[in-house]
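Enquirer: kindly generate the corresponding structure for this input.
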Amino acid sequence: MCGITGMFGHNNKQFAEVSVKIMNDSIAHRGPDADGIWSNDHCVLGHRRLSIIDTSAAGNQPFISEDKKIVIVFNGEIYNYIELKKELSDFYSFKTSSDTEVILAAYKKWGVQCVSKFFGMFGLAIWDEDLQKLFIIRDRLGIKPIYYAQTEQGFIFASEIRAILKTNLVTKKISSASLADYLRYQTVHAPNTIIEQIKMLMPGHYIQLDKTGISHHAYWDIVDNASKDANYHNATEAKKNILDILTSSVEIRMRADVPFGAFLSGGIDSSVIVGLMSRISSHPVKTFSITFHEKEYDESSYSETIAKKFRTDHTPIKLGAQHFLNLVPEALNAMDHPSGDGPNTYVVSKATREAGVKMALSGLGGDEVFAGYDVFKRIKTLESQKWMNAIPHLLRSFTGNTLRKIKPSVSMEKIALSLASEKIDFHHFYPLTRQVLMDKDVYQLLKSKGDQYNTVSEIALSIQQSKLEIFSKVSVAEMTTYMQNVLLRDTDQMSMAHALEVRVPFLDHRLVEYVLGVTDNIKFPHTAKELLTSSVGDLLPREVIDRPKMGFTFPWALWMKNELHSFCHDNIKSLEQVEGLNFENVLHLWKRFLNGDPLITWSRVWPLVVLGHWVKQHDVH
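Expert: Modelled structure (predicted):
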């Protein structure tokens, strides 16, 4: 796990090297173990290293072939590097034990299509001297980020957006369309970012750069690669295959040359990962749980149950709510791209890294793959209620407005909007489920009323037109919106702030492809994530399977009105410098929250606090 930077098509080699050095220095937290820069007359490549596999200097980057024809910078892990190394051993003579050299050998043999052979998470760049081409590649599910911008001085890219901002080669201007997206969904969906000139490489894509220009290519698509075979498997076959793939996924993610462990909340997802790790490992697995003095936030009874069952080397890290509260400003300072989430991940990562590990496995992705959220059942129910489309639109709208007046709340507001939509279906309903501020509030905050394009709505329309069953459609929607653009981005930026690598076994592309092909009647969660829990047999005790879903439930609303009031107010005031916002209406929204408006909960206001902090920190206008 590392950080990469680079510049292509520059006019001044010395200037390009300085620019890449600036980017490298700005992401030193991602790779404290080593750094390096390589350059020629066409491009400059930079790297910061967090050594996990082959910690010797032989694995340092940029990694250059013996004939000096190929240069690689790589962020992430190729988990099946051992198998690929065996496959390539007759073709290539390896000098190191690193997975980076496996990428080099694979590229030499198969060209850029070698990426289809990789199991892992990665953002990487390959310079090919013979072809005079630069390839920049991102993993299938978007676990590792790559940002880029076309500037007057050349094409630049980096693992973090702030690295690009540090060069001063881009205008620090907020995109009006991205601002609307952020207000709706507490994030900006790739390929856009909050900065107009900076883009994000899409998951499963690569960029090719040469003297003729820039071209974008897709090498993997989540819908197209859903398993066709799984659709014909019965429940017994499906569960066996899921256990086999998941076990393999966990096993190859336990490959490391440094101390590692696992996050253990005591929920189903983390408990499954820890249980499978314990089956595989000949030594006790190191597990880490954040526990709290306050009983209403504490899940330690569940994590301790799992730790005892699997005899893990368990470290409960006890915090107080006040300690967590004190870390909030520090977490926002570490935020690379504004997001309405993130402090939770920051605190967990900080505590785990301080406990002495460099890498941890996480249960992230379990809800998205195995229908763990309530939205799965809600949309399944919606599919059976399409008869409501026969009701005249005016009557549906009237019913929704009546319900809204009887019980004003965010959930009732969404029901009313759903009833008033042009059609009651997946395409119109799903975008509302993840929406933070409703459109009427968004348009009041924006000066321009032209930014009515809804990114999630377009994604949902594309998914609706696929042949996937409804649970798989929801899975794809969740993975390509909230998971990729909030959960994974936050996990990357908040864990790497502490030089901690986080691996996510549930997002092995083989598992995702297979489960997307499983039929709804097998996947339906009569109990929490039933397909997952039944696939692993008696691995988990019933008290963990049947436990209520908890997670972090801190009193954010209370904090924002009291201990964090000045912090929030000062950051919201910073939004006055954002030209696209109607600042008076921003203040009005803040006052509505402070006055207890049931339609403006803390989670509707917090993204504004984060954005204000971010624009102030990076001097963005």
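Enquirer: sec struct for Ile4, please.
Expert: Under DSSP: H, G, I helix; E, B strand; the rest coil, Ile4 falls in the strand class.
Enquirer: what sits opposite it in the beta ladder?
Expert: His47 (DSSP bridges).
Enquirer: quick one: it and Leu50 touch, right?
Expert: No. With contact defined as C-beta atoms under 8 Å, Ile4 does not reach Leu50; the gap is 11.9 Å. C-beta: built from backbone N, CA, C; applies to glycine.
Enquirer: out of the two, which sits in the busier spot?
Expert: Neighbour count, other C-beta atoms under 10 Å: between Ile4 and Leu50, Ile4 has more, with 32 against 22.
Enquirer: now do the contacts for that one.
Expert: 45-48, 73-75, 123-125, 146, 157-159 (C-beta atoms under 8 Å, 6 or more residues apart in numbering).
Enquirer: which residues does the nearest residue to Tyr302 once chain neighbours are set aside contact?
Expert: The spatially closest residue to Tyr302, leaving aside those adjacent along the chain, is Gly266, at 2.7 Å (C-beta to C-beta, 6 or more residues apart in numbering). By C-beta under 8 Å, 6+ apart, the residues touching Gly266 are 289, 299-306, 544, 547.
Enquirer: apply 7 Å and report the result again.
Expert: Gly266 is in contact with 289, 299, 302-303, 305-306, 544, counting by C-beta atoms under 7 Å, 6 or more residues apart in numbering.
Enquirer: that one belongs to a strand?
Expert: No. Secondary structure of Gly266 (three-state DSSP): coil, not part of a strand.
Enquirer: against Pro316, how distant is it?
Expert: Distance, Gly266 to Pro316, by C-beta to C-beta, to the nearest Å: 11 Å.
Enquirer: pull up the overlap in contacts between these two.
Expert: Contact criterion C-beta under 7 Å, 6+ apart; residues shared by Gly266 and Pro316: Ser289.
Enquirer: any chance of the contacts of Gly266 in a markdown table, plus pLDDT?
Expert: Formatted as a markdown table, those follow (pLDDT from 0 to 100):
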| residue | pLDDT |
| --- | --- |
| Ser289 | 88 |
| Glu299 | 80 |
| Tyr302 | 90 |
| Ser303 | 92 |
| Thr305 | 94 |
| Ile306 | 95 |
| Val544 | 89 |
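Enquirer: which of the residues you listed lies closest to Ala557?
Expert: Nearest to Ala557 among those is Glu299, at 21.1 Å by C-beta to C-beta.
Enquirer: before we move on, back to that, narrow the contacts of Gly266 to those in helices?
Expert: Mapping the contacts of Gly266 onto helices (DSSP state H) picks out 302-303, 305-306, 544.
Enquirer: which pair in those spans the largest distance?
Expert: Farthest pair in the ones in helices among the contacts of Gly266, by C-beta to C-beta: Ser303 and Val544, 9.4 Å.
Enquirer: which of the two has more neighbours?
Expert: Ser303 (27 against 22).
Enquirer: which residues does the more buried one contact?
Expert: Going by C-beta under 7 Å, 6+ apart, Ser303 touches 264-266, 289.
Enquirer: for the helix or strand containing His323, name the packing helices and strands.
Expert: Taking DSSP states H and E as the criterion, His323 maps to helix 321-333. On a contact count with 3 or more C-beta pairs under 7 Å, 6 or more residues apart in numbering; DSSP states H and E, helix 321-333 meets helix 343-354, helix 602-618.
Enquirer: which of those sits closest to Thr455?
Expert: Nearest of the helices and strands packed on helix 321-333 to Thr455, taken as C-beta to C-beta: helix 602-618 at 15.4 Å.
Enquirer: what does the closest one contact?
Expert: By C-beta under 7 Å, 6+ apart, the list of residues contacting helix 602-618 reads 162, 165, 172, 182, 186, 332-333, 335, 338-340, 436-437, 556-557, 560, 568, 571-572, 574-575, 577-578, 586, 589-590, 593.
Enquirer: weed out the non-buried ones from these.
Expert: Neighbour counting by 16 or more other C-beta atoms under 10 Å classes 162, 165, 182, 186, 332, 335, 338-340, 436-437, 556-557, 560, 568, 571-572, 574-575, 578, 586, 589-590, 593 among the contacts of helix 602-618 as buried.
Enquirer: what about these, which are in helices?
Expert: Using DSSP H to define helices, the subset of the buried ones among the contacts of helix 602-618 located there is 162, 165, 182, 332, 556-557, 560, 568, 571-572, 586, 589-590, 593.
Enquirer: pLDDT check: weakest of the residues you listed?
Expert: Least confident by pLDDT among these: that is Trp556, with 87.
Enquirer: what is the end-to-end distance of stretch 435-448?
Expert: End-to-end span of stretch 435-448 (C-alpha to C-alpha, to the nearest Å): 20 Å.
Enquirer: and if you look at stretch 94-104?
Expert: 10 Å.
Enquirer: please state the offset of it from the chain centre?
Expert: Mean-position distance between stretch 94-104 and its chain equals 27 Å (C-alpha atoms, centre = their mean, to the nearest Å).
Enquirer: got phi/psi on the residue nearest to Tyr302?
Expert: Phi and psi for Gly266, reported as degrees, to the nearest 10, are phi 100, psi 0.
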